[in-house]
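Chemist: prediction below, plus the sequence it came from.
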Amino acid sequence: MSKIRLSGSNSGYVEIAAAADAGNLTFTMPTTGTALFGNGNNVISGITTFSAALDINSTVDVSGTSVFNNDVTFDGATAGYDVVWDRSDNALEFAANAKATFGASQDMQLYHDGNHGYIADAGTGNLRLRSGTLEIQNLAGSKTSAIFSSGGGQTLNFNDSAKFVTTNTGAIVTGIITATSLSTSSEQGALNHRNALINGEMLISQRGTSESSVSSTGYRNAPDRWQFYAYPSGQSGVYTVSQLAGGPHGYQKSYRVACTTADTSLQADSGVILRQTIEEQNLQHFKKGFASAKQMTLSFFAKTNKTGTYVVELYDMRNIRHVSATYTVSDTNWNRYVITFPADTSGQLSAGSNGGGMIVHWWLVAGTNYQSGSLATSWTSNTNANRAVGQLNFADSTSNYFDLTGCQLEAGPVATPYEHRTIHDYLFECKRYFQFVQPTLGEAQHSTNIQGCLTASPPMRAAPTCAIKVTSNNINLAGAGPKTCTSVGTLYYNSTQGGWAEMGGSSFSQYRNYYIIPNCFTFSAEL
């Protein structure tokens, strides 16, 4: 038998077609709205395929497998609460307020009320979402608001950028915390004076604001506490260093290094660095060398027209250990760079030492002696070949400049906003290492010698050395005009507050008091 057609007095009919497999039935309906079964309690067994609309007005017991090749609508008792299998959308669609319920007492419900979507759980237990990593994203899937990981930190984002991340020791917050009150542990300490670098925004420049033809190491007429390092002397390019007016928004000054004589064929041991040495006793809060050692986070603003890869390095002077990291400059704008160095549980620093403890290096030039190995991204005993791997050659053009400001080194894995200080604070800190001799009086013992007490205020890091800054007309005799002191001998009774000096010259009037003019003589106790 291939087909049986049952027809009535109307124009419709029901056709029972034999299928390839015995026991299977295919019902082909000529039009929608034609009733297949007029009575109730019909039973269909076997595999049944409905290829057109099926209108069931009473109970049908389907004990086999049924295939519906069109939409299926489940009417709710209340109008508008329908559930539809929409074949064209490939979706089971719930009308507004039609609920998918779970549990014997319908404890959990999943539904949409026309405005909002809900997962409502009225049970006595918990609603648990289980996944190795759970992400909450926007509708387009282009941005992630939160990430919950079973094996790592939990992350809260703003505009797809992490702002709050939990760790095994606490939480990391990126940005500014606004709170009605804030309580810190004694371990964390105060929020001020967290920057281990001095004059990080380059506001103080006592020696002067610019110096040209620089090709060797020294503290220059540029921002205080920042040493320009060049080695070998005179063989790694020539530069002008200066305190530059301007910086990123919120900063007044920056340190500029400008190449004026290029070196495109570096020696193996060539090195040019902008650096600051930190007093050892000022590093104790990093707990370096202990099991509880802290990470160190360096942040700074840089601007240069020489784009590419640069290296920054922390160098432990006492234990001869170091760690390095790279950062990439991709444009010529002011950009803030943040680098977190790992904690070092080896190599303790001396708590009472006023000597150099750690140097922070901003590499500009590095010969092959410093680049032939693998960059030391973890603390290790110093190996020169691993110090500046990847560093570009800043000295390759006389058009190159590098500007730096907003430098901060702090304990922990988070770079907090730069800690701006007053001019008074910066100047007081800088004078610990360099200052001008205060105006005072000296008495001429004979025509070629003046003796006087030169005082340092505030006290300096160590007993200072005295030098002449202004080489002519640097002293004055009342009524007789300026004179010139040409030499300053070793200070007697020297201490951190100065000492007794013998100053050489000529044509002094014996036993007369000479006025030592301000800003002509310097004290230095630099590291």
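Modeler: Received it, and whenever you're ready, just let me know what you need.
Chemist: flag every buried residue along stretch 345-357.
Modeler: Within stretch 345-357, the residues that count as buried by 16 or more other C-beta atoms under 10 Å are Gln348, Leu349, Asn354, Gly357. (C-beta placed from N, C-alpha, C; glycine too.)
Chemist: what's the most distant pair in the residues you listed?
Modeler: Gln348 and Asn354 (16.6 Å; C-beta to C-beta).
Chemist: how about the nearest residue to the most centrally placed residue in the chain, chain neighbours excluded?
Modeler: The residue lying closest to the centre of the chain (C-alpha atoms, centre = their mean) is Val338, at 3.5 Å. Excluding the flanking residues, the one nearest Val338 by C-beta to C-beta, 6 or more residues apart in numbering is Ala415, at 4.3 Å.
Chemist: residues touching that neighbour, list them.
Modeler: Thr297, Leu298, Ser299, Val338, Thr340, Gln408 (C-beta atoms under 8 Å, 6 or more residues apart in numbering).
Chemist: 6 Å instead?
Modeler: Going by C-beta atoms under 6 Å, 6 or more residues apart in numbering, Ala415 touches Thr297, Ser299, Val338.
Chemist: check Ile136 too.
Modeler: Ser145, Ala146.
Chemist: SS state for it?
Modeler: strand (DSSP: H, G, I helix; E, B strand; the rest coil).
Chemist: look up how far Ile172 lies from it.
Modeler: 19 Å (C-beta to C-beta, to the nearest Å).
Chemist: okay, strands next: where are they in the stretch 351-500 of the chain?
Modeler: 356-366, 380-381, 401-411, 434-436, 440-446, 449-455, 465-468, 475-477, 481-483, 485-488, 492-495, 498-505 (DSSP state E, counting those that start in this stretch).
Chemist: out of these, which gets nearest to Gly250?
Modeler: strand 401-411 (8.2 Å).
Chemist: quick one: the closest one to chain centroid distance?
Modeler: 13 Å (C-alpha atoms, centre = their mean, to the nearest Å).
Chemist: how does this protein divide into domains?
Modeler: The chain breaks down by automatic domain parsing into domains covering 3-70, 133-173, 210-429, 433-524.
Chemist: could you export these as JSON lines, including mean pLDDT and distance to Val83?
Modeler: Below are these laid out as JSON lines (pLDDT from 0 to 100; distance: least, C-beta to C-beta, whole Å):
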{"stretch": "domain 3-70", "mean pLDDT": "58", "distance to Val83": "14"}
{"stretch": "domain 133-173", "mean pLDDT": "87", "distance to Val83": "23"}
{"stretch": "domain 210-429", "mean pLDDT": "98", "distance to Val83": "51"}
{"stretch": "domain 433-524", "mean pLDDT": "95", "distance to Val83": "79"}
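Chemist: okay if I get these as TSV plus distance to Gly200?
Modeler: Shown next, in TSV, are these (distance: least, C-beta to C-beta, whole Å):
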stretch	distance to Gly200
domain 3-70	73
domain 133-173	22
domain 210-429	4
domain 433-524	15
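Chemist: single out the most deeply packed of those domains.
Modeler: domain 210-429 (a mean of 18; mean count of other C-beta atoms under 10 Å).
Chemist: just the endpoints, please. Distance across it?
Modeler: 21 Å (C-alpha to C-alpha, to the nearest Å).
Chemist: show me how far that domain is from its chain's centre.
Modeler: Distance, centroid of domain 210-429 to centroid of chain: 16 Å (C-alpha atoms, centre = their mean).
Chemist: re earlier: between the strands of the stretch 351-500 of the chain, which one is nearest to Asn70?
Modeler: Among the strands of the stretch 351-500 of the chain, strand 401-411 comes nearest to Asn70, with 67.7 Å by C-beta to C-beta.
Chemist: the inter-axis angle of the closest one versus strand 356-366?
Modeler: 150 degrees (axes from the mean of the first three to the mean of the last three C-alpha atoms, to 10 degrees).
Chemist: residue numbering should commence at 46 henceforth.
Modeler: All set: I'll call the first residue 46, so the last point we hit is now strand 446-456.
Chemist: which residues are contacting strand 446-456?
Modeler: 239-242, 245-247, 292, 296, 299-303, 330-331, 339, 342-349, 463.
Chemist: what about stretch 182-202, how long is it end to end?
Modeler: 10 Å.
Chemist: how far is it from where the chain is centred?
Modeler: For stretch 182-202, the distance to the chain centre is 20 Å (C-alpha atoms, centre = their mean).
Chemist: measure Met403 to Leu328 for me?
Modeler: Distance from Met403 to Leu328, by C-beta to C-beta: 6 Å.
Chemist: what does Glu571 give?
Modeler: Taken as C-beta to C-beta, the span from Glu571 to Leu328 is 17 Å.
Chemist: also Cys530?
Modeler: Counting by C-beta to C-beta - Cys530 and Leu328 are separated by 39 Å.
Chemist: equivalent analysis for Tyr478, please.
Modeler: From Tyr478 to Leu328 the distance is 16 Å (C-beta to C-beta).
Chemist: with Ser344 instead?
Modeler: To Leu328, Ser344 is 17 Å away according to C-beta to C-beta.
Chemist: same question, Ile384
Modeler: With C-beta to C-beta as the criterion, Ile384 and Leu328 are 17 Å apart.
Chemist: and if you look at Thr219?
Modeler: Thr219 sits 25 Å away from Leu328 when distances are taken as C-beta to C-beta.
Chemist: show me what the helix or strand hosting Tyr360 is packed against.
Modeler: Secondary structure from DSSP states H and E places Tyr360 in strand 353-361. Applying 3 or more C-beta pairs under 6 Å, 6 or more residues apart in numbering; DSSP states H and E, one finds that strand 353-361 makes contact with strand 366-374, strand 401-411.
Chemist: only C-alpha atoms, please: export the longest one in PDB.
Modeler: Output for strand 401-411, consisting of C-alpha atoms alone and laid out as PDB, is shown next (Å, rounded to 0.1, in the frame of the first residue of the first chain):
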ATOM      1  CA  GLY A 401      73.500  54.600  48.700                       C
ATOM      2  CA  GLY A 402      71.100  51.700  48.900                       C
ATOM      3  CA  MET A 403      69.400  51.500  45.500                       C
ATOM      4  CA  ILE A 404      69.700  53.200  42.100                       C
ATOM      5  CA  VAL A 405      66.700  53.600  39.800                       C
ATOM      6  CA  HIS A 406      68.000  53.600  36.200                       C
ATOM      7  CA  TRP A 407      66.300  55.000  33.100                       C
ATOM      8  CA  TRP A 408      68.400  53.600  30.300                       C
ATOM      9  CA  LEU A 409      68.900  55.700  27.200                       C
ATOM     10  CA  VAL A 410      71.900  54.000  25.600                       C
ATOM     11  CA  ALA A 411      73.300  50.500  26.100                       C
END
